[in-house]
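> Take a look and give me a structure for this.
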Amino acid sequence: MSNDEWVVTMPKLGETVTEGELTNWLKQAGDAVAFDDPLFEVSTDKVDSEIPSPYDGIIAEILVPAGQTVPVGTPLVRITAVGAVVPNRIPAAAHAVAAAGGPALGDPAAPQMGGSEGGAAEDRGVGTPVGEVHDITMPKLGETVTEGQITNWLKQAGDAVAFDDPLFEVSTDKVDSEIPSPYDGVLLAILVPAGDTVPVGTPLARIGEPSAGAGTAGASAGLAPAVAAPTGAAPAAAPARPDGAAPIGRNGRMLSPLVRRLVAEAGLDVATITGTGAGGRIRREDVERAIAAGGRAAAPEAPAAPAAPARPAEVPAAPARPAVAGDPRDEVVSLSRMRLAVAEGMKRSQTTTASVWTSVEVDFDNVEQVRGKYKDRFKKETGASLSYLPFISRAVVDALRAYPTVNSSIDIEAKTMTLHPYVNLGIAVDLNQQGLVVPVVRDADSLNMRGIAKKITELAGAARAKKLPMSDMQGSTFTITNPGPFASYASAPIINQPNVGILCTDGVKPRPVAVGDAIAIHPTGIVGLVYDHRAFDGSTASLFLLHIRDSLEKRDWEPEVG
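Okay, the predicted model is just below:
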């Protein structure tokens with residue numbers, strides 16, 4: 001495969017996923033495609049996903065038609081560089097075999113890795129390849145993920161690896177993941193050392209047969225420069241993006257999207273920043289050190305002439321901040337990748353939505369009676385604690401059925417609202433005060449309270465153990481956040497996009513309440529809703545909360561709990 005042609009294969013969208021159905025092509029042969037453009041849709045037994053293009057170029061050939069179910073790693077489409085003339089190297093007969101579920105072309109590529117597949121099928125035959133070398137690239141572990149940090153190599157150069165063996169660990173602003181090997185062979189070279197942060201698609205390592213090592217640059221010799229020309233195509237060798245979004249900063253220095261944003265926000269001159277990455281590349285940590293050292297804003301400078309029309313920076317340079325008097329007792333620390341991601345996502349949500357907060361007070365005495373009677377048995381049988389959250393979650397699901405506009409997404413530019421006939425319930429999980437993630441209980445409306453409680457416990461445990469896959473944090477239609485255990489009184493959280501509402505369950509505390517003509521002490525608490533006023537109005541929000549309140553106060557919960 002030349003540097004002018006790439007093959008995109010069926011992605012592995014889950015640890016146990018072995019095949020997927022290509023449900024829809026979003027591009028056709030001859031169409032131009034840019035990096036991260038929606039390319040096709042895939043349905044598996046775990047998730048339905050829209051897969052973006054890992055390359056810029058032209059759709060040369062669609063190898064598998066919509067409607068076909070094929071194994072992970074099956075070649076789906078060929079993309080060529082703009083202006084390249086590349087013959088159809090993969091015989092049509094071989095496509096048919098792969099599409100029918102037969103042997104894939106060569107070893108199956110792990111599309112979450114993106115990389116090349118060595119020589120073309122005609123050059124080496126469709127049988128067992130000889131001397132193949134595969135580039136392993138930085139996986140795209142989420143729709144908005146643009147880079148990742150190699151935190152640990154689990155194999156070393158010269159080690160034998162088998163398909164699906166743990167190969168390395170990656171940390172992104174969304175998730176920490178253990179990445180398996182997509183090939184059998186020998187780890188010929190590690191191109192990016194542990195600790196480096198690199199863009200999606202960057203070649204990380206090479207795997208091949210031992211005999212291939214002698215002819216491969218850097219093979220089994222340990223580390224090679226991350227900018228070394230890889231065997232076969234890789235996104236790093238792709239042509240400059242037509243939208244001008246190639247990761248190049250001022251003075252022609254290579255910058256990742258995150259680094260570009262941090263530099264822009266701080267008003268720094270990249271020429272004054274010392275890069276500690278491979279080949280002198282500037283890493284996030286380098287920018288953070290420059291900010292901590294009080295780096296000054298750069299003087300205006302005309303940018304180098306771009307090879308393609310430049311687009312405006314994604315984040316405009318922030319206005320100069322007033323200087324803060326230093327104190328020798330101060331400690332300056334770098335913000336974590338997760339903290340930066342949370343900050344960016346929350347600010348984007350605030351900018352996008354017209355947020356309004358409303359709330360009701362709930363008397364939890366009805367719930368408390370059932371909790372006291374069944375909590376020990378419930379814990380023993382489900383492994384989940386019978387806290388207030390399972391009751392509230394179940395009440396929320398019923399209220400979303402009654403008020404479907406609260407369980408929707410809105411697109412103002414398209415002038416449309418998407419009503420979701422299912423409930424994918426997001427539950428915010430605190431990671432020991434280091435950040436938040438939102439695991440998703442899929443099809444929560446098909447579960448009883450026991451099922452919801454058990455699923456929340458499983459997902460929260462996986463999130464805190466950093467074993468939650470990205471697929472379990474996508475696709476929510478409504479979100480609940482639960483600061484109640486921290487004794488909060490009333491909170492107004494930020495909406496989890498693209499939801500139009502988020503429910504907050506605050507602390508429950510014994511308080512005097514009127515019961516008929518008498519006063520009693522009951523456990524009460526505030527349940528609040530932050531909603532996007534563009535999607536619905538205060539009357540809907542209030543009725544939605546009243547539905548939840550009435551369920552909690554009046555419903556007979558024993559059948560679901562016991």
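> Could you chop the protein up by domain?
5-237, 250-321, 351-561 (automatic domain parsing).
> what's the most buried one of those?
Among those, the stretch with the highest mean neighbour count (mean count of other C-beta atoms under 10 Å) is domain 5-237, at a mean of 20. Glycine gets a C-beta too; all of them are placed from N, C-alpha and C.
> pLDDT of it, averaged?
Per-region confidence: domain 5-237 scores 70 on mean pLDDT.
> ok, back up a step: pipe the domains of the chain into TSV and attach distance to L335 per row.
What follows is the domains of the chain, written out as TSV (distance: least, C-beta to C-beta, whole Å):
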stretch	distance to L335
domain 5-237	11
domain 250-321	7
domain 351-561	10
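> So for L340, which of those domains sits nearest?
For L340, the closest of the domains of the chain is domain 5-237, at 6.5 Å, according to C-beta to C-beta.
> these two touch, right, V77 and I62?
Yes. Counting by C-beta atoms under 8 Å, V77 touches I62, with 5.2 Å between them.
> Make sure G435 is actually in contact with R339.
Yes. Using C-beta under 8 Å, G435 is in contact with R339, at 6.0 Å.
> distance of R450 from E560?
R450 sits at a distance of 7 Å from E560 (criterion: C-beta to C-beta, to the nearest Å).
> just V72 next, same as before
Applying C-beta to C-beta, one obtains 39 Å for the distance of V72 from E560.
> Also T358?
Taken as C-beta to C-beta, the span from T358 to E560 is 27 Å.
> same thing with V397?
12 Å.
> Same question for A60.
Distance from A60 to E560, by C-beta to C-beta: 55 Å.
> try F40
Taking C-beta to C-beta, one finds F40 at 41 Å from E560.
> do the same with L389
For L389 relative to E560 (C-beta to C-beta), the value is 14 Å.
> any idea of the mean pLDDT for whatever helix or strand E344 lives in?
Element membership of E344, judged by DSSP states H and E, is helix 337-352. Model confidence over helix 337-352, given as mean pLDDT, is 87.
> then it to CSV, C-alphas only?
Output of helix 337-352 as CSV, limited to C-alpha atoms (Å, rounded to 0.1, in the frame of the first residue of the first chain):
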residue,chain,number,x,y,z
ARG,A,337,-6.0,16.0,30.8
MET,A,338,-9.4,15.0,32.4
ARG,A,339,-9.7,18.4,34.2
LEU,A,340,-9.1,20.2,30.9
ALA,A,341,-11.6,18.1,29.1
VAL,A,342,-14.2,18.6,31.7
ALA,A,343,-13.6,22.4,31.6
GLU,A,344,-13.9,22.5,27.9
GLY,A,345,-17.0,20.4,27.7
MET,A,346,-18.8,22.3,30.5
LYS,A,347,-18.0,25.7,29.0
ARG,A,348,-19.1,24.5,25.5
SER,A,349,-22.4,23.4,27.0
GLN,A,350,-23.0,26.7,28.8
THR,A,351,-22.4,28.5,25.5
THR,A,352,-24.7,26.3,23.5
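> And the helices in this protein?
Using DSSP state H, the helices of the chain run over residues 92-99, 121-124, 257-266, 284-292, 337-352, 365-382, 388-402, 449-464, 538-554, 558-561.
> Save those as CSV, and put in distance to G528 too.
What follows is these, written out as CSV (distance: least, C-beta to C-beta, whole Å):
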stretch, distance to G528
helix 92-99, 51
helix 121-124, 59
helix 257-266, 31
helix 284-292, 35
helix 337-352, 16
helix 365-382, 18
helix 388-402, 12
helix 449-464, 20
helix 538-554, 8
helix 558-561, 24
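> R511: which of those is closest?
Using C-beta to C-beta, those put helix 365-382 closest to R511, at 10.7 Å.
> And that closest one, how far out from the chain middle?
Offset of helix 365-382 from its chain centre (C-alpha atoms, centre = their mean, to the nearest Å): 36 Å.
> before we move on, what about stretch 58-75?
24 Å.
> State the distance spanning the first to the last residue of that stretch.
Taking C-alpha to C-alpha, to the nearest Å, stretch 58-75 runs 16 Å from one end to the other.
> try stretch 416-424
This stretch, stretch 416-424, spans 20 Å end to end (C-alpha to C-alpha).
> Need the nearest residue in space to Y489, chain neighbours excluded.
Leaving aside its sequence neighbours, Y489 sits nearest to D506 (C-beta to C-beta, 6 or more residues apart in numbering; 5.9 Å).
> so what's that neighbour up against?
483-484, 488-491, 525-528 (C-beta atoms under 8 Å, 6 or more residues apart in numbering).
> Looking at those, which is nearest P139?
P483 (33.3 Å).
> Please name the spatially closest residue to the closest one (chain neighbours excluded).
Per C-beta to C-beta, 6+ apart, closest to P483 is S491, 5.7 Å.
> quick one, what contacts that neighbour?
481, 483, 504, 506, 528.
> hang on, the first one packs against I502?
Yes. Distance between T481 and I502: 6.2 Å, which falls inside the contact criterion (C-beta under 8 Å).
> sorry, back to before: got phi/psi on the residue nearest to P483?
For S491, the backbone dihedrals (degrees, to the nearest 10) come out as phi -130, psi 150.
> distance of it from H134?
S491 is 49 Å from H134, where distance means C-beta to C-beta.
> With V82 instead?
25 Å.
> just E558 next, same as before
Distance from E558 to H134, by C-beta to C-beta: 58 Å.
> before we move on, the earlier item: redo the contacts of S491 as a markdown table? Include distance to T405.
A markdown table is the format used below for the contacts of S491 (distance: C-beta to C-beta, whole Å):
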| residue | distance to T405 |
| --- | --- |
| T481 | 20 |
| P483 | 26 |
| C504 | 19 |
| D506 | 24 |
| G528 | 18 |
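> possible to save these as JSON lines with pLDDT and distance to E21?
As requested, the contacts of S491 are exported to JSON lines (pLDDT from 0 to 100; distance: C-beta to C-beta, whole Å):
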{"residue": "T481", "pLDDT": "97", "distance to E21": "35"}
{"residue": "P483", "pLDDT": "94", "distance to E21": "41"}
{"residue": "C504", "pLDDT": "97", "distance to E21": "38"}
{"residue": "D506", "pLDDT": "95", "distance to E21": "43"}
{"residue": "G528", "pLDDT": "97", "distance to E21": "41"}
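> which stretches of the stretch 151-300 of the chain form strands?
Per DSSP state E, counting those that start in this stretch, the stretch 151-300 of the chain carries strands over the ranges 160-161, 166-171, 176-180, 185-190, 197-199, 203-208.
> now for those, which one comes closest to G475?
Comparing the strands of the stretch 151-300 of the chain by C-beta to C-beta, strand 176-180 comes nearest, at 17.9 Å.
> Determine the set of other helices and strands touching that closest one.
Applying 3 or more C-beta pairs under 8 Å, 6 or more residues apart in numbering; DSSP states H and E, one finds that strand 176-180 contacts strand 166-171.
> what packs against the strand it packs on?
strand 147-153, strand 176-180, strand 203-208.
> Now tell me what touches that strand from outside.
By C-beta under 8 Å, 6+ apart, strand 166-171 touches 136, 138-139, 141, 148-155, 161, 176-181, 187, 194, 204-205, 337.
> What score does the nearest residue to T479 once chain neighbours are set aside have for pLDDT?
Leaving aside its sequence neighbours, T479 sits nearest to G426 (C-beta to C-beta, 6+ apart; 3.7 Å). For G426, the pLDDT comes out at 96.
> how near is G426 to D411?
Taken as C-beta to C-beta, the span from G426 to D411 is 19 Å.
> I figured F364 was touching P523, is that so?
Yes. Between F364 and P523 there is a contact at 4.4 Å, judged by C-beta under 8 Å.
> Find residues that contact each of those two.
V508.
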